[in-house]
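>>> sequence and computational prediction follow.
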Amino acid sequence: MAAPCRRMAGRSLLQFLSSFSRTSVSNSGFRQFSSTSVCWGSRQAQHVEERASSPWTLMAAVCLQRLPVISAESNPIEQQFRDMMIQMELEKSMLSDHELRLLDDAERMRRMQAGEYDSDEEEDRRDQDIVLAQDLEDSWEQKLKNFQPAARVSDSEGDPGSLQRRLSDSLLLLVERPVGREKLWMLPQTEWQRGETLRETAERALSSLPAASGFKATFLGNTPCGVYKYKLPRAARTESSLGTKVFFFKAVLSDAGAPPATESPESSLLWVTKSELQRYVKPAYLMKVERFLLGF
Amino acid sequence: MQVSATQQAFVLNQALTTCRATPSIQHPVWASVNERQYKSMPTHGIGRWRHLLPKDPPKKKRDRQQMKEIVVETETTYATLNINVSGYDMTVVEHFSQHIHNLCNRLGIKVLDCYALQTKTTEVWLMQEQGTKMSVDSFLKTHNRVVQLRSLSATVCPIFLEVLLKNQPEGVQLCVQEHTEVDYKARFKGRPELEGLKAKITY
């Protein structure tokens, strides 16, 4: 059901700023999200009627993504084109105020040294004698040299559980759940309960993860983006349960919160890119999930 | 009296014929020399078609800017949404707003309006290391572009927003809000003299 929602997203200004959050846990690595939603839950609860129960159990899963933190690497062709465009724009552009000042100062210096200089002619230049434009430029260059940007590739590149890996790609959250007799990797999901909307179920699925307690996510909409149907094996099928239907909801990570103090072996979270997904997830599930994941 | 009847009919006929002798359609008498002859041609005005079109209402000389109606949200669509793109670099901001507009056209999302808000200038003052004097370091201009969507369908919404977020360039802030009348009024300049006069009247 449609609901008015309000959100803000901001991307960190420079690619360097974002990498600073590698060692310290701070917000600068993520886009700032703020969302308020008018309470629409009450409206929906009134429409719940007694329906004939279908043999399918309904579940809602959340497709939580961490968006890229730094800009993507460019191809050699893109790099060459960018260099060429910068050079062209520089050649075609007009002189800025600072460059004009540089030229004026150089001119004045030259005239002062030539000996025919009459300082009474230029009275409005008095206060600009103190700080020359060249000095300003030198001080700026010095500041730039002192600035050390962080590395694009962090140490935890290969560790699939870390959130700081692959800063230029978007990562997807996977959890391991026991299904039947084996443990499978899947998107976090819980069962739908009567009286709540599917989106609330998805929010519950996210908050019920023990390792993801500090996660703050912004859900992008009230409608699911994909569905996965799973029929139970013949032996397990009964009158009332034929299988499960899982609805996926998209969400974007806004804050990771503090990492858990002790890594317990049961709480296993994975942050994977779309290309790495096939290593962990079953093929039938992968086919349905891949359809709504953008990117590579 | 048959004879009289026929006689009467004959008289009537004669009267009619005498009436008919004078032509009912007057030939245009050349009252003045300036009258042109082609207007009497049978094909005069054969190409006229504008008189067949429905009558348009007369256009008002100066249309005051009226606020476009805010669409009410329904069960499957959102109300009028404003996507606000802001940043320091004007070319990037404008190109991104154009990209959003084109994306909406392609996805079938109706765009009500596409306008720019006022540019805000921020002066950055740096404290000098020696002494307490502050010096002006730079002027930062924040540019704002707004794309107004008419009725965003709830099914398209998560896909659309994800595409926007993934394509968001560096240095550009994205903000999706509902459109209110306050937003519309904020676009207009204040008129301090008018408000002063109004205050004087009421005071």
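All right, it came through fine. Numbering: from 1, shown residues only, chains lettered A, B, ... in the order given.
>>> and the stretch 51-200 of chain A, which residues reach chain B?
A:65, A:67-68, A:71, A:170 (CB under 8 Å from any CB of the partner chain). For glycine as for every other residue, the C-beta is placed from the backbone atoms N, C-alpha and C.
>>> put the buried members of those residues into a ChimeraX selection.
Command for ChimeraX that selects the buried part of those, burial taken from 16 or more other CB atoms under 10 Å in any protein chain shown:
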select /A:65,67,68,170
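>>> farthest-separated two in the residues of the stretch 51-200 of chain A next to chain B?
For these, with distances taken as CB to CB, the pair at the greatest spread is A:Gln65 and A:Ser71 (17.2 Å).
>>> could you pull out the strands in chain B for me?
B:81-87, B:111-116, B:120-127, B:134-149, B:172-178 (DSSP state E).
>>> A:Gly195: neighbour count?
10 (other CB atoms under 10 Å in any protein chain shown).
>>> name the element it belongs to?
For A:Gly195, there is no host helix or strand (DSSP states H and E).
>>> check the one 10 residues further on too.
Here A:Ala205 sits within helix A:198-207, counting by DSSP H and E.
>>> and that helix, what's buried?
A:198-206.
>>> looking at the residues you listed, which is nearest A:Met186?
Closest to A:Met186, out of all of these and judged by CB to CB, is A:Ala205, at 10.8 Å.
>>> wait, the closest one sits on A:Ala60?
Yes. Here A:Ala205 lies in contact with A:Ala60, judged by CB atoms under 8 Å, at a distance of 6.2 Å.
>>> what's the closest of the strands of chain B to chain A?
strand B:172-178 (4.4 Å; CB to the nearest CB).
>>> can that closest one be said to contact chain A?
Yes. Strand B:172-178 is in contact with chain A by CB under 8 Å from any CB, via B:172-178.
>>> what mean pLDDT does stretch A:71-87 have?
The pLDDT scores in stretch A:71-87 average 93.
>>> who are the packing partners of the helix holding A:Ala205?
Helix A:198-207 makes packing contacts with strand A:56-66, strand A:189-191, strand A:216-219, strand A:243-255 when contacts are defined by 3 or more CB pairs under 8 Å, 6 or more residues apart in numbering or on different chains; DSSP states H and E.
>>> which parts of the first one are buried?
The reference is to strand A:56-66. A:57, A:59-66.
>>> about what we covered before: now the helix holding A:Ala205 against strand A:243-255, angle please.
Here helix A:198-207 points in a direction 70 degrees away from that of strand A:243-255 (axes from the mean of the first three to the mean of the last three CA atoms, to 10 degrees).
>>> run through who's touching helix A:198-207.
A:41, A:58-62, A:64, A:188-193, A:196, A:212-213, A:215, A:217, A:219, A:222, A:224, A:247, A:249, A:251 (CB atoms under 8 Å, 6 or more residues apart in numbering or on different chains).
>>> among those, name the buried ones.
Buried among the contacts of helix A:198-207 (16+ other CB under 10 Å): A:59-62, A:64, A:188-190, A:192, A:196, A:212, A:215, A:217, A:219, A:222, A:224, A:247, A:249, A:251.
>>> those strands in chain A, which residues are they?
Using DSSP E, strands in chain A cover A:5-10, A:34-37, A:56-66, A:171-179, A:182-186, A:189-191, A:216-219, A:226-231, A:243-255, A:269-272.
>>> for B:Arg150, find the nearest of those.
strand A:5-10 (17.1 Å).
>>> any figure for the gap between the residue of chain B found nearest chain A and A:Asn75?
Taking CB to the nearest CB as the measure, the point where chain B comes nearest chain A is B:Pro158, at 3.5 Å. As defined by CB to CB, to the nearest Å, B:Pro158 lies at a distance of 30 Å from A:Asn75.
>>> counting neighbours, go ahead and name the busier of those two.
Neighbours were tallied for B:Pro158 and for A:Asn75 using other CB under 10 Å; the higher tally belongs to B:Pro158 (23 against 9).
>>> residue contacts, that one?
By CB under 8 Å, 6+ apart, the neighbours of B:Pro158 are A:220-221, A:223, A:225, A:249-250.
>>> what is the burial count for the nearest residue to A:Pro178 once chain neighbours are set aside?
Spatial nearest neighbour of A:Pro178, excluding adjacent residues (CB to CB, 6 or more residues apart in numbering or on different chains): A:Leu184 at 7.8 Å. Neighbour count for A:Leu184, taken as other CB under 10 Å: 15.
>>> then A:Arg279?
A:Arg279, neighbours per other CB under 10 Å, totals 11.
>>> which residue ranges of chain B form helices?
B:2-21, B:90-107, B:157-166, B:181-186, B:192-202 (DSSP state H).
>>> from the middle of its chain, how far away would stretch A:148-156 be?
17 Å (CA atoms, centre = their mean, to the nearest Å).
>>> from A:Val272, how far off is the closest residue to A:Val179 other than its chain neighbours?
In this structure, A:Val179 finds its nearest non-sequential neighbour in A:Met186, 7.9 Å apart by CB to CB, 6+ apart. Remark: distance between A:Met186 and A:Val272 (CB to CB) = 12 Å.
>>> how about the closest residue to A:Glu73 other than its chain neighbours, what does it touch?
Residue nearest to A:Glu73 in three dimensions, not counting chain neighbours: A:Ser168, with 6.2 Å by CB to CB, 6+ apart. A:Ser168 makes contact with A:68-73, A:152, according to CB under 8 Å, 6+ apart.
>>> go through the residues you listed and name the one nearest chain B.
Distances from chain B to these, taken by CB to the nearest CB, are shortest for A:Ser71, at 5.6 Å.
>>> thought B:Val172 was touching the closest one, still the case?
No. Between A:Ser71 and B:Val172 there is no contact under CB under 8 Å: 12.0 Å.
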